[in-house]
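Trainee: what's the 3D shape of this:
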Amino acid sequence: MLTQRQAIILKNIIRIYTQTEQPVGSKHLMNELPMRVSSATIRNDMAKLEEMGLLDKTHSSSGRIPSIKGYRYYLDHLLEPSDVSNNDLAVIQQTFNQQYQMIDDIVEQSAKILSTLTSYTAITLGPDVQDIRLDGFRLVPLGNHQIMAILVTSIGTVQNQIFHIPTTISGDELERAVRIINDELVGQPLTLVARRIQTDIPQMLMKYVSSPNGFLDIFGTILKQAAADHFYVGGRLNLLDFANNDVSSLKTLYSLFEKDDDLADLLKLPDVETDPDGKIIVRLGNELKPHTLQNYSLITTSYDIANHGRGVIALLGPTSMPYSRIIGLLDLIREELARRITDYYSDMDN
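Mentor: Just a heads-up that it's a prediction; the model follows:
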């Protein structure tokens, strides 16, 4: 356990280093501490903090920089989130203050705001899809045995994709199949829709469609897109600022953002039952996988929408990010995002 003075020294070294990105020496630190301490005493405490593995000494100077272990101790014991500045607050409120057609637009906007204010990479995920319902389905003929399938959900999400249809399915059969889908499934949760196209819906279609499997393949594919988690990444190019010219590492990081399954694993949070308050979690160094993230920190938190599930908001940046400001900012954006989505649902119900 650190003494009170050692804790103050470690806290201020981290504060100064995150501002300057330069090793912190005892003389500089002496003028920054809230109490009067000699340079020799500071050097002695810095040496002890280094022995504990909380500080690293650079080869180019006598100054110290925080180690991964030092950041971990700071995050667990010393961190005090700072209030959001008036400028940041104005940007958040002004940027969010617009009309949204879909919840996905609100979630995407939050990623853009967070990345803009921090110059890091923001990742957001909308609320769980368990309460999203099918609002409508239609097929638009395009000619040459092609159709555009369009699926609309209860939160305004529109999925569309072009398909080649089997020559064995006629236009009349497609119309009848679409009518069955809309009559039987509109208004039901997507999870239930997915189950029913595996159980009773094929039997219904067989009465009117000679090749129901071809139609169900089309509907099932676009339904899967609508029911999938939708991640939004803001400030992807900001990763370039912290890659240290490591091209292979950068390629790996970029591929991570191309796969929703990888992002889901990266952003994994405790269950609602074990983490009802949606606390902010910081992982760094060896706590992150893959190994290409060893020099990064990932801050994740969740936000709850009453009766509509839980979403995720996260920020990926260098280990030396100014955590006090960043965590205060993330907390505010989380609250604002939840409020905007709640208002969206309220407007839909009116």
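
Trainee: Now do the strands in the stretch 51-200 of the chain.
Mentor: If DSSP state E, counting those that start in this stretch is used as the criterion, the strands of the stretch 51-200 of the chain fall at 55-57, 64-66, 121-125, 134-143, 146-153, 158-164.

Trainee: Can I get these in a markdown table including distance to residue 17, mean neighbour count and mean pLDDT?
Mentor: Backbone N, C-alpha and C define where each C-beta goes, glycine included. Shown next, in a markdown table, are the strands of the stretch 51-200 of the chain (distance: least, C-beta to C-beta, whole Å; neighbours: other C-beta atoms under 10 Å; pLDDT from 0 to 100):
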| stretch | distance to residue 17 | mean neighbour count | mean pLDDT |
| --- | --- | --- | --- |
| strand 55-57 | 10 | 19 | 92 |
| strand 64-66 | 6 | 23 | 94 |
| strand 121-125 | 21 | 26 | 92 |
| strand 134-143 | 52 | 16 | 91 |
| strand 146-153 | 47 | 18 | 92 |
| strand 158-164 | 47 | 14 | 89 |
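
Trainee: Now distance to residue 106 too, for the ones you listed, in TSV please.
Mentor: Output for those, formatted as TSV (distance: least, C-beta to C-beta, whole Å):
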stretch	distance to residue 106
strand 55-57	42
strand 64-66	36
strand 121-125	9
strand 134-143	18
strand 146-153	15
strand 158-164	15
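
Trainee: Residues in a beta bridge with the closest residue to residue 114 other than its chain neighbours, which ones?
Mentor: Nearest-residue entry for residue 114: residue 122, 3.8 Å, with adjacent residues in sequence omitted and distances by C-beta to C-beta, 6 or more residues apart in numbering. Beta-bridge pairing for residue 122 (DSSP bridges): residue 234, residue 315.

Trainee: Quick check, residue 122 in contact with residue 239.
Mentor: No: using C-beta atoms under 8 Å, residue 122 is not in contact with residue 239; the gap is 11.5 Å.

Trainee: where do the contact lists of the two overlap?
Mentor: residue 316 (C-beta atoms under 8 Å, 6 or more residues apart in numbering).

Trainee: rewinding a little: of the strands of the stretch 51-200 of the chain, which is nearest residue 335?
Mentor: strand 121-125 (13.9 Å; C-beta to C-beta).

Trainee: Buried residues, stretch 41-54. List them.
Mentor: Under the neighbour-count criterion of 16 or more other C-beta atoms under 10 Å, stretch 41-54 has 42, 43, 45, 46, 49, 54 buried.

Trainee: How about stretch 326-338?
Mentor: Those would be 326, 327, 328, 329, 330, 331, 332, 333, 334, 336, 337, 338, for stretch 326-338 by 16+ other C-beta under 10 Å.

Trainee: which residues touch it?
Mentor: 79, 81-84, 88-89, 92-93, 96, 106-107, 110, 113-114, 117-118, 120, 124, 278, 280, 282, 299, 301-305, 311, 313, 315, 317.

Trainee: For the residue lying closest to residue 215 once chain neighbours are set aside, give me its contacts.
Mentor: Counting by C-beta to C-beta, 6+ apart, the nearest residue to residue 215 once its immediate chain neighbours are dropped is residue 177, at 4.7 Å. Applying C-beta under 8 Å, 6+ apart to residue 177 gives the contacts 205, 208, 209, 212, 215.

Trainee: Now compare the residues you listed and name the two farthest from each other.
Mentor: 208 and 215 (10.2 Å).

Trainee: Quick check: neighbours shared by the two?
Mentor: 173, 177.

Trainee: out of those two, which sits in the more crowded spot?
Mentor: Using other C-beta atoms under 10 Å as the criterion, residue 208 and residue 215 rank with residue 215 on top: 26 against 14.

Trainee: Can I get stretch 107-126 in CSV, CA atoms only?
Mentor: The C-alpha trace of stretch 107-126 is given here as CSV (Å, rounded to 0.1, in the frame of the first residue of the first chain):
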residue,chain,number,x,y,z
VAL,A,107,-26.2,5.6,-31.6
GLU,A,108,-24.0,6.4,-34.6
GLN,A,109,-24.1,10.1,-33.7
SER,A,110,-22.8,9.3,-30.2
ALA,A,111,-19.8,7.6,-31.6
LYS,A,112,-19.0,10.6,-33.8
ILE,A,113,-19.4,13.0,-30.9
LEU,A,114,-17.2,11.0,-28.6
SER,A,115,-14.4,10.5,-31.1
THR,A,116,-14.5,14.2,-32.0
LEU,A,117,-14.2,15.4,-28.4
THR,A,118,-11.4,13.0,-27.5
SER,A,119,-9.5,12.3,-30.8
TYR,A,120,-9.7,8.6,-30.0
THR,A,121,-11.7,5.8,-31.5
ALA,A,122,-15.3,5.4,-30.2
ILE,A,123,-17.4,2.3,-30.6
THR,A,124,-21.1,2.3,-29.8
LEU,A,125,-23.8,-0.5,-29.9
GLY,A,126,-27.5,0.1,-29.8
